[in-house]
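Visitor: Sequence and predicted structure, then a few things I'm wondering about:
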Amino acid sequence: MSVPKLITMAKIEASVLKSKFRGCLLGALIGDCTGAPFEGDTITHGDKLVIQRYYDKLEDPTFTAPYKSYTDDTAMMKSVAKFLTDKPEPDYRFLARLFVTEFFKEPKRGYGQNIVEVFHKLRNSKFEDVYKPAKEQFMGAGSYGNGGAMRIAPVALYFHDNYKTMLEVATNATKLTHTNILGVNGALLQSVAIQLAVKCDPEAKIDPERFCAELYRRMRKIERVEEDLDDIEEEDDGTRKAYQNKLRVVENLLQKKHDDDLDEEVILNLGNGISAYESVPTAIYCFLKALNEIPSIQTENVFRRTVQYAVSLGGDTDTIACMAGAIAGAYLGEDGINTALAKQCEYYRDVLEIADNLYVAKEGPGN
């Protein structure tokens, strides 16, 4: 079956690309910060009304409240960005040190216990083999959580014009903490989604079904090529095609009329949990769903609609909203994000600086 071509920009103007770098990292931060208060919740119809008012307040320029704090999602994302800006060639030992340093500086950012164990082992071993602690997780099976995907946005931005290297770096960066094929391929799917969003013209509306079809085409190759994941044991076809199957579910759900029962179907069939398999496809669905109006969400802003819908599904709200926000921000750029909403988030101005530094490291100071 042929895949219709996405609306893309053959050459991205410098100002637009810089805006997309900012939008992507800012979008991830906002999703993380605004989604965190609802993490682990089962969202009722009444809760959705509360969430609507919550985002209405956050978008009000006159509203004042303590910053919404970021979690381990943003903490690790900023380490990935520094890894790319500070080293001319990828140095994964350096990245491992950045993760560990960031954790021990601020350990109460919501890190999972298994990741904490990896960080302790890395420090105690003096980073002798940076991949060994992650390989030992879950009796050697490795973690299939979404920790690799939630932080991968800087890699997708930096290598937006080099697909093969993007996949290689995303794989190696993810395997520092997540070596299970589902964890790695979830991070690769998120990388591909962000890269595609970067290449889409923010002035032209994306066709959700075409976007999903292109993701499916690329995941078909990724899940088939084992040499890209040389340290991961080959699984049966059901596991290796896991994300292709999920993207087919996304395509099916996009064609259905929206109501509360559909949200339950999304949670049941895509998931809202902490595994990459149950969250990365969900984040992509949230973005694609929000490209059009959602009756239960009162806003005309696509970015807000994306993160608000992600939060309204409950579960791992900070990470799913973080990933969905990164994709939406990469498509829309900074101009597509309400500044008042962004300013409610801890680390807002720092993230813009990180995005600018990443852009300069990639494109050069004169661009």
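Guide: Arrived safely, thanks for sending.

Visitor: I'd assumed Ala342 was in contact with Pro61.
Guide: No: in this structure Pro61 lies outside contact range of Ala342 using CB atoms under 8 Å: 11.3 Å. To be clear about C-beta, it is placed using only N, CA and C from the backbone, and glycine gets the same treatment.

Visitor: more crowded one of these two?
Guide: For Pro61 versus Ala342, the count of surrounding residues by other CB atoms under 10 Å is larger for Ala342: 22 against 10.

Visitor: Setting the sequence-adjacent residues aside, check what's closest to that one.
Guide: Taking CB to CB, 6 or more residues apart in numbering as the measure, Ala342 lies nearest to Tyr348, with 5.3 Å between them; neighbours along the chain are not counted.

Visitor: quick one: contacts for the one you found?
Guide: Listed by CB atoms under 8 Å, 6 or more residues apart in numbering, the contact set of Tyr348 reads 26, 29, 342.

Visitor: Helices along the stretch 251-367 of the chain, start to end?
Guide: Per DSSP state H, counting those that start in this stretch, the stretch 251-367 of the chain carries helices over the ranges 260-269, 280-290, 302-312, 317-332, 339-342, 348-363.

Visitor: Could I get those in CSV, plus columns for distance to Tyr54 and mean pLDDT?
Guide: CSV is the format used below for the helices of the stretch 251-367 of the chain (distance: least, CB to CB, whole Å; pLDDT from 0 to 100):
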stretch, distance to Tyr54, mean pLDDT
helix 260-269, 17, 94
helix 280-290, 17, 98
helix 302-312, 8, 98
helix 317-332, 12, 98
helix 339-342, 11, 98
helix 348-363, 18, 97
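
Visitor: To Thr179, which of those helices lies closest?
Guide: Among these, helix 280-290 comes nearest to Thr179, with 16.5 Å by CB to CB.

Visitor: Can you tell me which helices and strands the closest one packs against?
Guide: Where contact means 3 or more CB pairs under 8 Å, 6 or more residues apart in numbering; DSSP states H and E, helix 280-290 is packed against helix 181-199, helix 208-222, helix 242-254, helix 302-312, helix 317-332.

Visitor: just the CA coordinates of it, formatted as CSV?
Guide: Written as CSV, here are the backbone C-alpha positions of helix 280-290 (Å, rounded to 0.1, in the frame of the first residue of the first chain):
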residue,chain,number,x,y,z
VAL,A,280,4.1,6.6,23.5
PRO,A,281,1.3,5.6,21.0
THR,A,282,-1.1,7.3,23.4
ALA,A,283,0.8,10.6,23.3
ILE,A,284,0.9,10.4,19.5
TYR,A,285,-2.8,9.8,19.4
CYS,A,286,-3.4,12.8,21.7
PHE,A,287,-1.5,15.1,19.3
LEU,A,288,-3.2,13.8,16.2
LYS,A,289,-6.6,13.8,17.9
ALA,A,290,-6.1,17.4,19.0
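
Visitor: what's the angle from that helix to helix 260-269?
Guide: Between helix 280-290 and helix 260-269, the angle comes out at 160 degrees (axes from the mean of the first three to the mean of the last three CA atoms, to 10 degrees).

Visitor: from the contacts of Tyr348, which is closest to Val198?
Guide: If you rank the contacts of Tyr348 by distance to Val198 using CB to CB, Leu26 comes first, at 14.0 Å.

Visitor: Give me the number of neighbouring residues for that closest one.
Guide: When counting by other CB under 10 Å, one arrives at 27 neighbours for Leu26.

Visitor: residue contacts, the nearest residue to Lys48 once chain neighbours are set aside?
Guide: Nearest residue to Lys48 in three dimensions, chain neighbours excluded: Ser312, at 5.2 Å (CB to CB, 6+ apart). Applying CB under 8 Å, 6+ apart to Ser312 gives the contacts 43, 47-48, 51, 263, 296-297.

Visitor: CSV for the contacts of Tyr348, including distance to Lys126?
Guide: Output for the contacts of Tyr348, formatted as CSV (distance: CB to CB, whole Å):
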residue, distance to Lys126
Leu26, 36
Leu29, 32
Ala342, 39
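
Visitor: rewinding a little: from the helices of the stretch 251-367 of the chain, which stretch is densest packed?
Guide: helix 317-332 (a mean of 32; mean count of other CB atoms under 10 Å).

Visitor: What is it packed up against?
Guide: Going by 3+ CB pairs under 8 Å, 6+ apart, helix 317-332 lies up against helix 14-35, helix 72-86, helix 147-150, helix 153-158, helix 181-199, helix 280-290, helix 302-312.

Visitor: what sits up against stretch 109-121?
Guide: Residues external to stretch 109-121 that are found in contact with it (CB under 8 Å, 6+ apart): 36, 39, 70-72, 75, 99-100, 103-104, 107, 132-134, 136-138, 143, 145, 147, 176-177, 274, 318.
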